[in-house]
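Novice: Next one to model:
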Amino acid sequence: MGGAGFGEDGTGSARLRWIGIACLLVTTVGWGLNWPAIKFLLREWPPLFSRGVSGLAAAAILAVIASRAGERLAVAPQLLPKLSFLAFTNVFVWMGLGTVMMQWVTVAEGALLIYSMPIWSVLLAWPLLGTRPTIRTAVALGLGIAGTSVLLGAQGFDFGSDKAWGVAVGISAAILFALGGILNRTPLPIPPLTLVAWQLGLGCLPMLLIGLVLEHDRIGPLSMQGWLLMAYMTLVPMALCYTTWFASLRYLPPTHAATGTLLVPVVGTIGAALALGEPLGLREALALALTLSGVTLALRQA
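Specialist: As a prediction, this is how the structure comes out:
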């Protein structure tokens, strides 16, 4: 990919790499700050309904951007089943269950549970793809379990508590998202922004409908802060950050970009400490270091 006017001395490649890094930083900061934003918003609106509304609005925005960029929005009917499964794992499970989880756990706990996904991906690759686990896999899993245990076990862990529900939902989301990544390894012939718009629409519409049925008694008028948080969730983590994420994948190796997203739980934990007063001390730092070290090893193997 030779950039016009950059010559052949590597200047063009270096510049594109820095563009990719800048896009990745925007993505990780935007997604990281979304964790405390969700925690604030859950004080006013329930999880599935709020995610459904913001996701559908983001899908409409991305559809407009994709159309202006010359992408074709129509999708061949034979692609809809696989596209729907993508939307289920990438959006409904990842975003929907991830938001539901936040009712019962802190931002640090939720972020580490969700971002354990690469470890589950490596483990699931054994029965599904025949990729045998290695010593690195065992070390990655051990670090991930140790980090989660440090974070969740400081005050003891009651499996009958509400936090147990949050842990179960978070791990389920990570496992199902990892499963979807393995089963959907063949890319769909759909332009990137159009693909995200469709996934957001198909994944968030069921959230909205389920929220209207099951959460209607918790839906009330939003405060000014609530509207600002909804606007942030729609415009930044979904519309902007998905766009910069695809841009970072265009300019950086996928494993490097994926490893870079490990900044997300760090940003989320620090943001929650500053905005929500959630604990941020030696225990949280150790849990982050252990878990993210395990995830890094898993990503390197993947």
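Novice: What residues sit buried inside stretch 66-78?
Specialist: Residues 66, 71 are the ones in stretch 66-78 that count as buried (16 or more other CB atoms under 10 Å). The C-beta positions use only the backbone N, C-alpha and C, and glycine is treated the same way.
Novice: what about it, start to end distance?
Specialist: End-to-end distance for stretch 66-78, by CA to CA, to the nearest Å: 21 Å.
Novice: quick one: average confidence on that stretch?
Specialist: Stretch 66-78 carries an average pLDDT of 93.
Novice: what's in contact with that stretch?
Specialist: If you take CB atoms under 8 Å, 6 or more residues apart in numbering as the criterion, stretch 66-78 is touched by 63, 83, 190-194, 197-198.
Novice: What is the distance between that stretch and the centre of its chain?
Specialist: Averaging C-alpha positions (CA atoms, centre = their mean, to the nearest Å) puts stretch 66-78 24 Å from its chain's average.
Novice: Same question for stretch 130-145.
Specialist: 22 Å.
Novice: Output the below-cut-off pLDDT ranges for this structure.
Specialist: 1-10, 152-160, 254-256, 258, 299-302 (pLDDT under 70).
Novice: In helices, which of the contacts of stretch 66-78 fall?
Specialist: Counting by DSSP state H, the part of the contacts of stretch 66-78 found in helices is 63, 83, 192-194, 197-198.
Novice: Among these, pick out the one closest to Phe40, please.
Specialist: Nearest to Phe40 among these: Ala197, at 26.5 Å, using CB to CB.
Novice: in the stretch 201-302 of the chain, which spans are helices?
Specialist: Counting by DSSP state H, counting those that start in this stretch, the stretch 201-302 of the chain has helices at residues 224-233, 241-251, 254-260, 263-276, 282-301.
Novice: What residues sit buried inside the longest helix belonging to the chain?
Specialist: Using DSSP H to define each element, the chain has its longest helix at helix 11-41. Buried residues in helix 11-41, counted by 16+ other CB under 10 Å: 12, 16, 20-21, 23-24, 26-41.
Novice: Stretch 76-85 now?
Specialist: Burial within stretch 76-85, assessed by neighbour count using 16+ other CB under 10 Å, is assigned to Leu83.
Novice: for it, the distance to its chain's centre please.
Specialist: Mean C-alpha position of stretch 76-85 versus that of the full chain (CA atoms, centre = their mean) differs by 22 Å.
Novice: Check which helices and strands the longest helix of the chain sits against.
Specialist: Judged by 3 or more CB pairs under 8 Å, 6 or more residues apart in numbering; DSSP states H and E, helix 11-41 is in contact with helix 107-114, helix 224-233, helix 241-251, helix 254-260, helix 263-276.
Novice: so it versus helix 263-276, what angle?
Specialist: On the basis of axes from the mean of the first three to the mean of the last three CA atoms, to 10 degrees, helix 11-41 is oriented at 40 degrees to helix 263-276.
Novice: Next up, the contacts around Ser116.
Specialist: Listed by CB under 8 Å, 6+ apart, the contact set of Ser116 reads 144, 148, 171, 174, 291, 294-295.
Novice: quick one: which of those residues is most hemmed in?
Specialist: Using other CB atoms under 10 Å as the neighbour criterion, Thr291 leads those with 29 neighbours.
Novice: And that residue, how close does it get to Ala63?
Specialist: Note on Thr291: its distance to Ala63, by CB to CB, to the nearest Å, is 36 Å.
Novice: related to what we said a few turns ago, quick one, which of the helices and strands packed on helix 11-41 gets closest to Leu183.
Specialist: Comparing these by CB to CB, helix 254-260 comes nearest, at 17.6 Å.
Novice: Val167: which element?
Specialist: Element membership for Val167, per DSSP states H and E: helix 162-183.
Novice: Now that helix: buried residues?
Specialist: Judged by neighbour count using 16+ other CB under 10 Å, the buried positions of helix 162-183 are 163, 165-167, 169-171, 173-182.
Novice: And it, what does it pack against?
Specialist: Using 3+ CB pairs under 8 Å, 6+ apart: helix 162-183 touches helix 80-87, helix 98-101, helix 107-114, helix 117-129.
Novice: out of those, deepest packed?
Specialist: Among the helices and strands packed on helix 162-183, ranked by average contacts under mean count of other CB atoms under 10 Å, first place goes to helix 107-114 (a mean of 26).
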